[in-house]
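Asker: using only what follows, build the 3D model:
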Amino acid sequence: MKGLALSKRFYEEYGAPMLREQFPALEGLIAVGLAGSGSECFGYDDALSQDHDFEPGFCLFLPDEDTVDRKAAFALERAYAKLPKEFMGYRRSPLSPVGGNRHGVLRMSDFFQSKTGDPKGELSMEDWFFISEQSLAEATNGALFRDDSGEMTAIRERLAYLPEDVRRKKLAGHLLLMGQAGQYNYRRCVLRGETAAAQLAAIEFVNSALHAVFLLNRRYLSYYKWRFHALRTLPLLSSLHEPLEYLISSGNGTEEAAKKEGLIEQIGAAILSELRAQALSEGEASELEAHAYAVNAHIADGELRTRHILYGV
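Answerer: Take a look at the predicted model:
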């Protein structure tokens with residue numbers, strides 16, 4: 001069973017009755033769901049995921065103390081801790097008394113502060129560049145089973161994805177790096193017999209290509225161990241997972257290098273086709289670097305547009 005489904009079942013059978021019967025004063029104020037760290041919050045969990053941090057549990061998100069005081073929060077914590085220790089064959093872990101729990105009672109403001117640096121998720125242009133996309137993904141992933149006040153939903157919608165100018169700045173930088181590493185440096189390293197350097201160039205190309213694909217899909221970039229898994233589920237350019245995997249899992253001998261050069265051009269062409277489809281760049285040039293500068297030129301914010309093209313990477 002997927003962790004998100006397990007969490008919802010546990011809430012519906014035990015959490016919802018607990019809130020209705022013991023805490024009616026919180027109705028209208030509380031949000032309940034599963035979000036944050038952990039593969040189950042992204043829907044990426046599988047049988048292997050159950051060897052650690054996999055259990056029935058959910059998050060009870062409370063507003064600040066001026067609305068729900070510490071006494072009420074503490075009573076809710078105690079009630080949550082008393083819920084069944086086992087559910088559908090899975091055991092719950094005891095909650096830490098010093099905090100840091102993934103489940104249980106959390107302040108909304110503390111949750112968003114930990115993920116974005118702001119208790120309301122109100123970010124400046126600079127913040128969008130310096131907060132990791134993984135953290136932004138953790139602020140908006142999973143699901144809410146209820147949100148009585150709508151406050152949690154409103155913040156999550158605010159953080160749903162990057163502002164368009166930020167997306168374009170990041171995309172421009174990664175297109176430039178793709179061109180430098182893949183279309184230029186990979187071949188030169190191979191010709192010099194620098195196979196280790198060639199592999200590093202391939203890795204740099206793949207890393208930036210992954211960034212570009214997620215940006216074109218308007219999806220936050222996944223944690224590194226989940227990137228290829230997530231790539232296969234994207235609506236756009238998911239077919240690139242096989243050639244991208246080949247580039248970083250093969251050697252750099254004569255035949256492999258020739259195949260890699262061809263794949264680099266194919267991947268670049270697929271990404272350029274999507275750039276044109278989204279009206280992010282025009283022209284028939286095959287060089288990714290030229291399109292990187294075209295994407296950058298269409299950033300609306302003048303100050304951001306004139307910053308170094310690699311500012312967003």
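
Asker: the strands in the stretch 1-150 of the chain, which residues?
Answerer: 31-34, 59-62, 86-87, 90-91, 104-107, 143-147 (DSSP state E, counting those that start in this stretch).

Asker: rank those strands by pLDDT, which is bottom?
Answerer: Here the lowest mean pLDDT among the strands of the stretch 1-150 of the chain goes to strand 90-91, at a mean of 84.

Asker: low-scoring stretches of the chain, by residue?
Answerer: Scanning the chain for pLDDT under 70 picks out 47-54, 95-100.

Asker: so which elements touch the longest helix seen in it?
Answerer: Longest helix of the chain, by residue count under DSSP state H: helix 254-277. Applying 3 or more CB pairs under 8 Å, 6 or more residues apart in numbering; DSSP states H and E, one finds that helix 254-277 contacts helix 164-178, helix 186-191, helix 195-216, helix 241-249, helix 288-297. C-betas here are computed from N, CA, C, even on glycine.

Asker: give me whichever of those helices is most buried.
Answerer: helix 164-178 (a mean of 24; mean count of other CB atoms under 10 Å).

Asker: hmm, residue 189 is touching residue 204, no?
Answerer: No - taking contacts as CB atoms under 8 Å, residue 189 lies outside contact range of residue 204: 10.9 Å.

Asker: what is the burial count for residue 70?
Answerer: Counted with other CB atoms under 10 Å, residues neighbouring residue 70 total 8.

Asker: for residue 288, see how far away it is.
Answerer: 55 Å (CB to CB, to the nearest Å).

Asker: before we move on, the earlier item: columns distance to residue 210 and mean neighbour count on top of the strands of the stretch 1-150 of the chain, output as a markdown table?
Answerer: Shown next, in a markdown table, are those (distance: least, CB to CB, whole Å; neighbours: other CB atoms under 10 Å):
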| stretch | distance to residue 210 | mean neighbour count |
| --- | --- | --- |
| strand 31-34 | 26 | 24 |
| strand 59-62 | 29 | 24 |
| strand 86-87 | 37 | 14 |
| strand 90-91 | 33 | 13 |
| strand 104-107 | 31 | 19 |
| strand 143-147 | 25 | 16 |
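
Asker: could you dump these to CSV with distance to residue 121?
Answerer: Shown next, in CSV, are those (distance: least, CB to CB, whole Å):
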stretch, distance to residue 121
strand 31-34, 14
strand 59-62, 13
strand 86-87, 31
strand 90-91, 31
strand 104-107, 13
strand 143-147, 14
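
Asker: indicate which one of these is closest to residue 25.
Answerer: Checking the strands of the stretch 1-150 of the chain against residue 25 by CB to CB gives strand 59-62 as the closest, at 11.8 Å.

Asker: hmm, who's touching that closest one?
Answerer: Contact with strand 59-62 is made by 15, 26, 29-36, 68, 73, 76, 80, 102-108, 111, 152, as judged by CB atoms under 8 Å, 6 or more residues apart in numbering.

Asker: same question, stretch 15-31
Answerer: 32, 58, 60-63, 67-68, 72, 75-76, 79-80, 83, 108, 144, 146-149, 151-153.

Asker: now swap in stretch 243-255 and tell me
Answerer: By CB under 8 Å, 6+ apart, stretch 243-255 touches 189-190, 195, 198-199, 202-203, 205-206, 209-210, 228, 231, 256, 259-260, 263-264, 266-267.

Asker: dump it to PDB, restricted to CA.
Answerer: Written as PDB, here are the backbone C-alpha positions of stretch 243-255 (Å, rounded to 0.1, in the frame of the first residue of the first chain):
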ATOM      1  CA  PRO A 243      18.800   8.300 -23.700                       C
ATOM      2  CA  LEU A 244      19.600  10.300 -20.600                       C
ATOM      3  CA  GLU A 245      20.200   7.200 -18.600                       C
ATOM      4  CA  TYR A 246      22.500   5.800 -21.400                       C
ATOM      5  CA  LEU A 247      24.600   8.900 -21.300                       C
ATOM      6  CA  ILE A 248      25.600   8.400 -17.700                       C
ATOM      7  CA  SER A 249      25.600   4.600 -17.500                       C
ATOM      8  CA  SER A 250      27.900   3.800 -20.500                       C
ATOM      9  CA  GLY A 251      31.500   4.200 -21.300                       C
ATOM     10  CA  ASN A 252      33.400   6.500 -23.700                       C
ATOM     11  CA  GLY A 253      35.000   4.200 -26.100                       C
ATOM     12  CA  THR A 254      34.900   4.900 -29.900                       C
ATOM     13  CA  GLU A 255      31.500   3.300 -30.600                       C
END
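
Asker: of all the strands of the stretch 1-150 of the chain, which one is nearest residue 293?
Answerer: When these are compared for distance to residue 293 using CB to CB, the nearest one is strand 143-147, at 40.3 Å.
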